[in-house]
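Enquirer: Below is the sequence, then the predicted model.
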Amino acid sequence: AGEHPDPAVELKRVRADGDGTLPPCAQAAGDGERDGGLADARRAEDGEHGGNHAGSIVGCAMTMRIGCGASEHPDVREGAADAARSAAEGLRGAGADLAVVFAAGAHLAAPEATLAGVHETLAPASLIGCGAGGVLAGAREYERGTHVVVWAASLPDGASVRTEHLPGSADADDPGPVPDTEGSSGTIILADPYSFASDVVLDEIGRVSPDVPVMGGLSSARTLDGACALFHGDDVVDGGAVSASFRGVRVHPCVSQGAAPVGPELTITAAEGHVIHELAGQPAIPRLREVVDALPDHERAHLAGGLLLGLVIDPNKPDYEHGDFLVRGVLGGDPETGALAIGAHVRVGQVVRLHVRDATSADRDLRGALARVPAADYAGALVFSCNGRGTGMFGAPDHDARLVHDAVAGGAVAGFFAAGEIGPVGDTTFLHGFTATVALFGA
């Protein structure tokens, strides 16, 4: 970034030319610029939202409007205000029913100041967010340094959003409180990886609300003193998760696990728990070795980093494609019995297929996943990309952000690099790794 003689005064505003300052991720301001300090806060049905445990906000705009702003200003309060001001411009005069904030770098040393900057400028009726190792804004990705991204939504008439702080549970088998997803068209969850049993909660949500798409991610950074970095209202909350459940808003999930199927499909013929004893009537290890030996050299080379198996989740489809497999790593095996242990529970009769993961397959998979999303006008998107993707996977920055930004035709895009990504495969929601999950919001 360029030199700023007085960074506490001169804000590094969003720009389009990519010359070291941040690019735009807010939609056009429309008729006149909006005064960022005069946001029209909505009424919380459950009382004042602020730091309360939960609150519901009802929209009154004609259409869904989403704006996004980003800043790398070293003064965290000023940077948050700058990002919030840009997000407000994208709302074209409407108030912010929800703000989603992703904060990295110095913002985690004083997250309260970051939230204060957002509230003073945008006055959102509700807010969730988390700390991040890196963030996404517009078509750009920022994998290190001090950055804050503010994504703001004004809901259409009759729509609503309910935000909650879920304290989590010390008992790994007890989900504790789960989001209120009844009647929801989509739910976003941002969770602390150390104090929230994501798998158990997702299973419970699937039991009570099987038709609700759930997307989100695990916070990938903590505060300077090692505390949880989750945001709800104007509070930095202590552990658990924060969520936003939408009603009356079109929310479309998109999940790219970044892997490609290779070799033939095989049926599990003996299994217990997460251990596969037999594939197609043979001990699992020898049968899988036959598959590997038959692969072309270029596909076999991609297996050097570890074996991946894709598990079919919906057995009722006549043919299985990229998005039909839940991809999990092979954890180990028993050479004497030929059994394989993988990172998921399996069942007899389930179809599996070997997968490989590299930059090419990950690129192709995300493009394909976005192409399968229903054609529509999208006001914006939230992106949850694994912190193992980015430059480390693709050799250059901006891959996931750019593809999603193009898919929503310039709509407001924001996100962060997560320590685990939440999204559905088939009708079931899972916690993933090396994945990009996207929540697309209809205009």
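Expert: On my side now, so go ahead. Keep in mind it's a predicted model, so treat the numbers as computed, not measured. Numbers count the residues shown, from 1 in each chain.

Enquirer: Contacts for stretch 174-185, please.
Expert: With contact meaning C-beta atoms under 8 Å, 6 or more residues apart in numbering, stretch 174-185 is reached by 54, 162, 164, 166-169, 187, 189, 197, 200-201, 203-205, 208-209, 212, 214, 240, 243, 245-251. To be clear about C-beta, it is placed using only N, CA and C from the backbone, and glycine gets the same treatment.

Enquirer: mind running it again at 6 Å?
Expert: Contacts to stretch 174-185, defined as C-beta atoms under 6 Å, 6 or more residues apart in numbering, come from residues 164, 166, 168-169, 187, 200-201, 204-205, 209, 212, 243, 245-247, 249, 251.

Enquirer: Then stretch 344-357?
Expert: Against stretch 344-357 from outside (C-beta under 6 Å, 6+ apart): 258-263, 265-268, 271, 274, 276, 291, 299, 302, 308-312, 327-328.

Enquirer: which residues in the stretch 251-400 of the chain form helices?
Expert: 284-294, 297-301, 359-371, 390-394, 399-407 (DSSP state H, counting those that start in this stretch).

Enquirer: Let's see the pLDDT reported for the residue located most distally from the centre of the chain.
Expert: Distance from the C-alpha centroid of the chain, by C-alpha atoms, centre = their mean, peaks at Glu336 (40.9 Å). Per-residue confidence (pLDDT) for Glu336: 95.

Enquirer: can you check Leu340 too?
Expert: If you check Leu340, the pLDDT there is 96.

Enquirer: Might one say that it is in contact with Asp334?
Expert: No. If you go by C-beta atoms under 6 Å, Leu340 and Asp334 don't touch, sitting 8.2 Å apart.

Enquirer: who has more neighbours, those two?
Expert: Leu340 (27 against 14; other C-beta atoms under 10 Å).

Enquirer: For that one, list each beta-bridge partner.
Expert: Note on Leu340: beta-bridge partners Ile276, Gly333, judged by DSSP bridges.

Enquirer: mean confidence for the longest helix anywhere in the chain?
Expert: In the chain, assigned by DSSP state H, the helix with the most residues is helix 76-90. The pLDDT scores in helix 76-90 average 98.

Enquirer: Give me the residues contacting the helix or strand just after it.
Expert: For helix 76-90, the following helix or strand on the C-terminal side (DSSP states H and E) is strand 98-104. Contacting residues not belonging to strand 98-104 are listed as 114, 118, 122, 124, 126-129, 131-132, 135, 147-153, 161, 231, 416 [C-beta under 6 Å, 6+ apart].

Enquirer: ok, now which ones touch Pro253?
Expert: Pro213, Met215, Gly423, Pro424.

Enquirer: From these, which land in strands?
Expert: Of these, the ones assigned to strands by DSSP state E are Met215, Gly423, Pro424.

Enquirer: Which residue, other than its chain neighbours, is closest to Val201?
Expert: In this structure, Val201 finds its nearest non-sequential neighbour in Pro175, 4.5 Å apart by C-beta to C-beta, 6 or more residues apart in numbering.

Enquirer: What distance do you get for that neighbour to Thr121?
Expert: 36 Å (C-beta to C-beta, to the nearest Å).

Enquirer: of these two, who's got more company?
Expert: Neighbours per residue (other C-beta under 10 Å) separate Pro175 from Thr121, with Thr121 holding more: 26 against 21.
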